[in-house]
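[1] Please find the sequence and the predicted model below.
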Amino acid sequence: MAILVIAINSYLIYTDQWILSLLPFGLIVAFFAIYRFDFALMFVAFSAPLSFNIEYITDGKIGLFLPSEPLLALSLVLILARQIFKPFLSKEILNHPITWVVYLYLFWIAFTTITSEHPLVSLKYLLVRLWFIVPILLFGAHIFRKKGNLRLYFWLYTIGMSAVILYTLINHSLYGFGEKEGHWVMWPFFKDHTGYGAMVAFIIPLLIAFYYSKSHSLLPKIAIISLTVLAFVGVYFSYTRAAWLSLAAAAVVWVLIRIKIPFKYLAGLGVVILLIIAINWDQINMEMARNKSEHTTEEFGERLESATNVTTDASNLERINRWSAAWNMALDRPILGFGPGTFAMEYAPYQNPDNYTIISTNFGTMGNAHSEYLGPMSEMGFPGLLIMLALVAVIFYKGISLYNRYPESEYKTILLGLILALVTYFVHGLLNNYLDTDKAAVPIWGALAAIIALEIDLKKEKKLN
């Protein structure tokens, strides 16, 4: 039997019909999606860091992450069908404030898809968001009511991500940990070092939370410490400045949470900082113009300093070029934008020639807006930006206020780890955007599901007491 399977697969690959060889795997996936989606969701958590985009082997004709996206797409259909014919999602999940902002987010994506310059591109964007959000956020919140599932989900993602880090470091060591090679040695699991660095930074607060959440015997302690050290080494050799800065931001937020500063003061502080930056932008820009540090250096301090070099650093300059183009696009279409997922197709004529860099292109073939905030602004107008900001605000408001109310326990510590992990991502989101990939969507929407589930659990416990 095994020989027959190998022979059939060899023939399919030889005749360039390799995709049919995935059929047995697809049937297994379908079985778990239909009968044990809780198992399927755990498999998605583990496999997301290890997935690969088949556009690499289809010459860009098909962009799909295997194995996670087909499983999530099938699960979307099954969950919606089950909810329609035999509702199982609780009202507390469906009516949670985070869920309502997500409804608004999805509604605006759908509405601007209708008015999009490229409706098919925007429709695909909408479908991807749906199969990430519905199974992970809504069903995730449902199964996370059993707290062991919550812990297992993030442990599996962390283990999968740790395997990628180990692979990357081994591969990188073959090139002497060179800075240039550090941009691609994580392939095929990650497209480049920035997305990889973002998700390595994400798991660091989680690992620390796992360590302090409860007492461990010697072997689990050694395992968690080893994985934490591995993650720090991984983020160092990712040469991703935004990842390092996001961890610094998470440390600051941890201090503010620990000294129990109310959320309204934290939000106010954030607004004041933004106003100070806006008022003094010209002076700040002049100071950055004097900075000549390049990100190509391998010295840690110089690389951090290069984050503010907007004079000669091509990476920084190209980001400014994209952000400027996104702003110009939003000014041109302030309400509806150009359509979800269309930035790469539309930004070329909105570039300012003064912002061109050695890596700019007149054809707009260099990807997205490099921001989780400016991308939606250009594609879905200023309402898209405001909805994204509202989502971030409600996440941290609910997360931090829940942490302050939650009784001392293992899950209070894990909740703090999730909040700080989200800080790393949304700070990183100022400079890059990855929510259109399973690498980021699986842990981010999963973290939101965890906050919802823990808050519902706390309310029920208080009613019983």
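    Now that the structure is in, tell me what you want to look at.
[2] Which parts of the stretch 101-250 of the chain are helices?
    Secondary structure of the stretch 101-250 of the chain, counting by DSSP state H, counting those that start in this stretch: helices at 119-133, 140-143, 147-173, 193-213, 218-236, 241-258.
[3] can you give me the mean pLDDT across the fourth one?
    Right, the one you point to is helix 193-213. Average pLDDT, helix 193-213: 96.
[4] Test my guess that residue 153 contacts residue 446.
    Yes. Counting by Cβ atoms under 8 Å, residue 153 touches residue 446, with 5.9 Å between them. Glycine gets a C-beta too; all of them are placed from N, C-alpha and C.
[5] Residue 96: which of the helices of the stretch 101-250 of the chain is closest?
    Counting by Cβ to Cβ, residue 96 lies closest to helix 140-143 out of these; the figure is 7.7 Å.
[6] on that earlier part again, output the helices of the stretch 101-250 of the chain in TSV; the columns should cover distance to residue 381.
    Formatted as TSV, the helices of the stretch 101-250 of the chain follow (distance: least, Cβ to Cβ, whole Å):
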stretch	distance to residue 381
helix 119-133	13
helix 140-143	29
helix 147-173	33
helix 193-213	26
helix 218-236	35
helix 241-258	26
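[7] Residue 49: which of the ones you listed is closest?
    Among the helices of the stretch 101-250 of the chain, helix 147-173 comes nearest to residue 49, with 4.0 Å by Cβ to Cβ.
[8] Which residues belonging to the closest one are considered buried?
    Under the neighbour-count criterion of 16 or more other Cβ atoms under 10 Å, helix 147-173 has 147, 149-158, 160-162, 164-165, 168-169, 172 buried.
[9] Could you look up the SS state of residue 420?
    helix (DSSP: H, G, I helix; E, B strand; the rest coil).
[10] which residues do residue 153 and residue 446 both contact?
    45, 140 (Cβ atoms under 8 Å, 6 or more residues apart in numbering).
[11] tell me what whichever strand or helix holds residue 427 is packed against?
    Taking DSSP states H and E as the definition, residue 427 sits inside helix 410-428. Packing partners of helix 410-428 (3 or more Cβ pairs under 8 Å, 6 or more residues apart in numbering; DSSP states H and E): helix 147-173, helix 193-213, helix 241-258, helix 374-405, helix 438-464.
[12] Give me whichever of those helices is most buried.
    Comparing the helices and strands packed on helix 410-428 by mean neighbour count (mean count of other Cβ atoms under 10 Å), helix 193-213 ranks first with a mean of 25.
[13] Run a quick check on residue 182 versus residue 238, I expect a contact.
    Yes. Residue 182 lies in contact with residue 238 (Cβ under 8 Å); the separation is 6.6 Å.
[14] list residues touching both of the two?
    In contact with both residue 182 and residue 238: residue 193, using Cβ under 8 Å, 6+ apart.
[15] So for these two, which sits in the more crowded spot?
    Between residue 182 and residue 238, residue 238 has the larger neighbour count (other Cβ atoms under 10 Å), namely 30 against 21.
[16] and the more buried one, what does it touch?
    For residue 238, the contacting residues are 182, 186, 193, 196-197, 200, by Cβ under 8 Å, 6+ apart.
[17] What is the burial count for residue 269?
    By the other Cβ under 10 Å criterion, the neighbourhood of residue 269 contains 12 residues.
[18] swap that for residue 414, sorry
    Neighbour count of residue 414, defined by other Cβ under 10 Å: 22.
[19] before we move on, what about the one 4 residues further on?
    Residues within reach of residue 418, counting by other Cβ under 10 Å, total 26.
[20] That one against residue 451, yeah?
    Yes. Judged on Cβ under 8 Å, residue 418 makes contact with residue 451 at a distance of 7.1 Å.
[21] any common contacting residues for the two?
    residue 399.
[22] is it possible to export the helices and strands packed on helix 410-428 to TSV including distance to residue 344?
    What follows is the helices and strands packed on helix 410-428, written out as TSV (distance: least, Cβ to Cβ, whole Å):
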stretch	distance to residue 344
helix 147-173	26
helix 193-213	16
helix 241-258	20
helix 374-405	10
helix 438-464	18
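[23] Nearest to residue 115, out of those helices?
    Each of the helices and strands packed on helix 410-428 has some distance to residue 115 by Cβ to Cβ; the shortest is helix 374-405, at 9.6 Å.
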